[in-house]
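Chemist: curious how this folds, go ahead:
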Amino acid sequence: MLNQTSMKKIIITSFAFLSVLLVVSCKQNSDSEIYDQPPKWARNAIWYQIFVERFNNGDPTNDPTVESISTASDFRPVPDDWSVTPWTHNWYEQDDWAKNMKVGFYDGLQLRRFGGDLQGILDKLDYLQELGVTALYLNPVNDAPSLHKFDVRNWRHIDINFGPDPEGDYEIIKSEDPADPSTWKWTSADQFFLILVNELHKRDMKIILDFSWNHTGVEFWAWKDIIKNQEKSKYKDWYEITSFDDPNTPENEFAYHGWANLASLPEIKKVDITTEKKSGYPYEGDIYEPVKDHIFAVTERWLAPNGNVSQGIDGYRLDVADHIGMKFWRDWRTYVKSINPEAYLVGEIWWVKWPETLMNPTPYVKGDVFDAVMFYQIYRPARYFFAKTNFDITAQQLVDSMNFQWDRIGKPYRYAMMNTAATHDAPRLLSSFGNPNKYKYNAKPDADPNYITGKPDEETYQRVKLYLMHQFTNIGAPQIWNGDEMGMWGGDDPDCRKPLWWPEFEFDPEYRNNIQPAEKEFEEVGFNSNWFEFYKQVTRIRKENPALSSGEIEFLEAEGKLLSYKRFNDKDEIIVMFNLEKHMHTFKLTSTGIWEDLMTGEIITSDEVLVQPLDYQILKRAE
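Modeler: From the prediction side, this is the model:
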């Protein structure tokens, strides 16, 4: 017997198929009918990515406890003397409870909590608007015991420690039948999240949430039923289980596939696989139907709370998207767009083989899966051009690389891309530029003791400025990893996840020599107001000049370490110039005229501009 969700999926799929037939026959249908274009607002977005637990602690009364971060299976045992870490704590100093565990620094770090929550985001909305961001991407906020929260207890609720009443929310969740959406209620954390969504929409800001439909945690309700009932569980086919326990033997034969071979992340069952399933490549396949029904119900819950799209989120970021079959993604996109045609879907499409080969995003941005991907493919070559690394490339190589990516992607998708630089999964921008290593390779001190984890030198700051000017004047929507605008530094995960350096706090000095066994040296850390002002300038320029978000691009000069290009539309023309050579260089403008320096407001009347070494200019035709 088909449930309500299954019926709706059939109707939607049939509608999508009929729409495609109509397009083929008359080619008159609008985008809203076939949903094959990114939402128009995506090209104008300035993204700000928030890792909620480390963003801001607005309500200390809801801080995590030993109970709320523990798992019954003890994959990550929490000591009895555990406590929340003070926000201003020296990052590289072990907590007392971690010292008592007698484990290495990084072995205990995943248990740290600082208490960031939704109130903390609400309290900083004025700050985010002053910075100039227009869209928030929140790392997972679903209820989960871990720091990263991809190990969900459930997908249908906001984490109990992100809302105002963790104990009350826990009781509400227990009162539901998780398999029956008609029994789902709204916890205090859920309601607070919807208040946040409403406040963002009042400010004309968007918000998307991070989900992984590929796996759950061991505290997920269906998984716990399997652990208890084994082959008798009605959810036994939800996961990739290879063998059940035989109660007639003393051994435990229960075995299953965890994502990335992590036992703490049991993987959802994939079905109807008709092509090779290989990490880093798309494959044809689906998700087991009852799980798919559940995912669809959760999807609608956040897109249209109580049936109201205006109160819902504006899209999703999809984790490890290549691990899920393309049939599922096509069906899911159709379902999402039927609820909100303006929803934005961005996939994590990253590695074929780390750290050498990045994935080809093309199969995912043809109109039937995602609207964009996190565009690491456009950042890596830019880093090799703008940063001082052991993998230096020329301006022409950078241009060739960008054109290669753009040429295999339809124009609407180029402009909707999330142009990602630093994230929760990569070194902070300043540290990425301050180290010569290959991108995301040996990018923290336990992998490379020579990795620079402290304050970068002045040349690094200047090089990052050049990159940011490029990022905010390039095709695609720029993204900021929370805290980068404060001048924060830090290596790869977890060092990129320090609590944010808000100006109202005075932080303990940080060990300059991180975890290395030597007499400790100290580094002052804290909010960098000059750096924040620079970010404000580049966001202002982006927002005030539509040619930068929707205009054409033409490369004017690309030789050695010299790069210039113009962005233009019917009304405006903007020229951006970068000199990474050791000598001054004169760039030719497109013509003599009156030009305005968009950083300083200075007026220039010439057909050429002298740019100093390791510097840039951005000019707009004023007449």
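Chemist: look at the residue nearest to residue 347 when sequence neighbours are not counted and report its pLDDT.
Modeler: Nearest non-adjacent residue to residue 347, counting by C-beta to C-beta, 6 or more residues apart in numbering: residue 321, 3.8 Å away. Just so you know, the C-beta spots here come from the backbone N, C-alpha and C atoms, and that holds for glycine as well. Looking at residue 321, its pLDDT reads 98.
Chemist: pretty sure residue 321 contacts residue 364?
Modeler: Yes. The pair residue 321 / residue 364 is scored as a contact, 6.8 Å apart, by C-beta atoms under 8 Å.
Chemist: now for these two: what residues contact both?
Modeler: Both residue 321 and residue 364 are in contact with 329, 347, 349, 370, where contact means C-beta atoms under 8 Å, 6 or more residues apart in numbering.
Chemist: using PDB, write out every CA atom in the lengthiest strand in the chain.
Modeler: Using DSSP state E, we find that the single longest strand of the chain is strand 585-597. C-alpha atoms of strand 585-597 as PDB (Å, rounded to 0.1, in the frame of the first residue of the first chain):
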ATOM      1  CA  HIS A 585      53.700  47.100 -14.300                       C
ATOM      2  CA  THR A 586      51.600  49.300 -16.500                       C
ATOM      3  CA  PHE A 587      48.200  47.800 -17.500                       C
ATOM      4  CA  LYS A 588      46.400  49.000 -20.500                       C
ATOM      5  CA  LEU A 589      42.800  50.000 -20.000                       C
ATOM      6  CA  THR A 590      40.200  49.300 -22.700                       C
ATOM      7  CA  SER A 591      40.100  53.000 -23.700                       C
ATOM      8  CA  THR A 592      40.800  56.500 -22.500                       C
ATOM      9  CA  GLY A 593      38.100  57.800 -20.300                       C
ATOM     10  CA  ILE A 594      37.100  58.600 -16.700                       C
ATOM     11  CA  TRP A 595      37.600  55.700 -14.300                       C
ATOM     12  CA  GLU A 596      36.800  55.400 -10.700                       C
ATOM     13  CA  ASP A 597      38.900  53.400  -8.200                       C
END
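Chemist: from the chain's centroid, how far away is that strand?
Modeler: Computed by C-alpha atoms, centre = their mean, to the nearest Å, the chain-centroid distance of strand 585-597 equals 37 Å.
Chemist: report the buried residues of that strand.
Modeler: Residues of strand 585-597 classed as buried: 585, 587, 589, 595-596 (neighbour count, 16 or more other C-beta atoms under 10 Å).
Chemist: okay, strands next: where are they in the stretch 201-350 of the chain?
Modeler: Along the stretch 201-350 of the chain, the segments classed as strands by DSSP state E, counting those that start in this stretch run 206-211, 241-243, 255-256, 270-271, 286-287, 315-318, 344-347.
Chemist: nearest approach to residue 514 belongs to which of the ones you listed?
Modeler: Evaluated with C-beta to C-beta, those place strand 206-211 nearest to residue 514, the distance being 28.2 Å.
Chemist: which element is residue 576 on?
Modeler: If you go by DSSP states H and E, residue 576 is part of strand 573-579.
Chemist: need the buried residues of strand 585-597 in JSON lines with pLDDT, can you?
Modeler: Output for these, formatted as JSON lines (pLDDT from 0 to 100):
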{"residue": "585", "pLDDT": "98"}
{"residue": "587", "pLDDT": "98"}
{"residue": "589", "pLDDT": "95"}
{"residue": "595", "pLDDT": "97"}
{"residue": "596", "pLDDT": "97"}
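Chemist: tell me which two of those sit farthest apart.
Modeler: 585 and 596 (20.9 Å).
Chemist: circling back to that earlier point, now do the strand holding residue 576: everything it contacts.
Modeler: Contacts for strand 573-579 (C-beta under 8 Å, 6+ apart): 386, 395, 466, 469-470, 473, 545, 547-548, 551, 556-557, 561-568, 585, 587, 589-590, 595, 598, 609, 611-621.
Chemist: now, of the residues you listed, which are buried?
Modeler: Buried among these by 16+ other C-beta under 10 Å: 386, 395, 466, 469-470, 473, 545, 547-548, 551, 557, 561-568, 585, 587, 589, 595, 598, 609, 611, 614-621.
Chemist: all strands of the stretch 1-150 of the chain, in order?
Modeler: 47-50, 135-138.
Chemist: about what we covered before: avg pLDDT for the helix or strand following the longest strand of the chain?
Modeler: Next along the chain after strand 585-597, taking DSSP H and E as the criterion, comes strand 603-611. What strand 603-611 shows for mean pLDDT is 95.
Chemist: again with stretch 47-55
Modeler: 99.
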